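Trainee: need the 3D shape of this:
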Amino acid sequence: MSLKILFRGLVLIASLVGIGYTLKISGLGSSIDKTWIDSDIRGQGFSGEMLFIVIGMLFTAVGLPRQVICFLAGYAFGLVEGTALALLATVSGCIVAFYYARIMGRGFVVNRFPNRVRGIDNFLHENPLSMTLLIRLLPLGSNLVTNLAAGVSSVGAAPFFLGSAIGYLPQSLIFTLIGSGFGVDPELRIAISIVLFIISGFLGVALFRKYRHGKSFDARVEHELGVDSNGAANS
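Mentor: Numbering: from 1, shown residues only. All right, here's what the predicted structure looks like:
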């Protein structure tokens, strides 16, 4: 994993930490907590959880960062429940984008992303679950374009969704941990989140290099990862 990719991830973590800290010291966080999270989300039981899932689903379905939903889930629900709800919202957004492309947007997606559609189709064709998992574990790439391209490819829906759910889990846990860290030992939780992000990023790239078997799904992403067309690391 290149320093450029690592820097992007750390900037994202730092920005979310900064937002959370600003909310805390300004008092705005308490206002948001009372007027929205407590009244509409945290204070409403099952209906509040469902509202959060729907909002998160729509947010991620249109390509907005799933890490933000994870951060908010941690802030609203804590680590364990927040991770579960954020993961459910993110996978739901993946499903919406996938079926939108498959049912309604085939012509647009094929014309707009022809190379990505061919790459995804070839990459996922033989082992859709494991290959989807490899893509989701990578620390970069467009979540929305991957969902749309998979939707118009020949890949089966079930293995794509399952592979996505498993692959989403590490970053969901990391960014939910950041969001939940402003109540108890925030410095420790943020430090743990950074370490976990670095480990998951390097692990994702290492698994991609080892198990992709020479296949390519996105030349730009692979170039940034430092992986050539034969699956070896560039010097």
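
Trainee: which other residues reach stretch 73-93?
Mentor: The contact list for stretch 73-93 (C-beta atoms under 8 Å, 6 or more residues apart in numbering) reads 20, 37, 41-42, 49, 52-61, 66, 69-70, 72, 147, 161, 164-165, 168-169, 172-173, 175-182. In short, each C-beta sits where N, CA and C put it, glycine included.

Trainee: just those: which are in strands?
Mentor: Among the contacts of stretch 73-93, none falls in strands (DSSP state E).

Trainee: what subset of these is buried?
Mentor: 20, 37, 41-42, 49, 52-53, 56-57, 59-61, 66, 69-70, 72, 147, 161, 164-165, 168-169, 172-173, 175-182 (16 or more other C-beta atoms under 10 Å).

Trainee: got the contact list for the closest residue in space to residue 121 that isn't next to it in sequence?
Mentor: Using C-beta to C-beta, 6 or more residues apart in numbering and skipping the chain neighbours, the partner closest in space to residue 121 is residue 153 (3.9 Å). Residues near residue 153 by C-beta under 8 Å, 6+ apart: 117, 120-121, 124.

Trainee: and what of residue 70?
Mentor: 82-83, 86, 90, 171-172, 174-176, 179 are the contacts of residue 70 under C-beta under 8 Å, 6+ apart.

Trainee: how much space between the nearest residue to it once chain neighbours are set aside and residue 135?
Mentor: Computed as C-beta to C-beta, 6+ apart, the closest residue to residue 70 that is not its neighbour in sequence is residue 175, at 3.7 Å. Going from residue 175 to residue 135 by C-beta to C-beta, to the nearest Å gives 18 Å.

Trainee: any idea which of the contacts of residue 70 is closest to residue 215?
Mentor: residue 171 (23.0 Å; C-beta to C-beta).

Trainee: give me the neighbour count for that closest one.
Mentor: 24 (other C-beta atoms under 10 Å).

Trainee: tell me the contacts of it?
Mentor: With contacts defined as C-beta under 8 Å, 6+ apart, residue 171 is in contact with 66-67, 70, 197, 200.

Trainee: out of these, which are inside helices?
Mentor: 66-67, 70, 197, 200 (DSSP state H).

Trainee: how about those residues in JSON lines, adding distance to residue 95 and pLDDT?
Mentor: As requested, the ones in helices among the contacts of residue 171 are exported to JSON lines (distance: C-beta to C-beta, whole Å; pLDDT from 0 to 100):
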{"residue": "66", "distance to residue 95": "13", "pLDDT": "89"}
{"residue": "67", "distance to residue 95": "19", "pLDDT": "87"}
{"residue": "70", "distance to residue 95": "17", "pLDDT": "91"}
{"residue": "197", "distance to residue 95": "26", "pLDDT": "80"}
{"residue": "200", "distance to residue 95": "23", "pLDDT": "80"}
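
Trainee: thanks a lot, catch you later.
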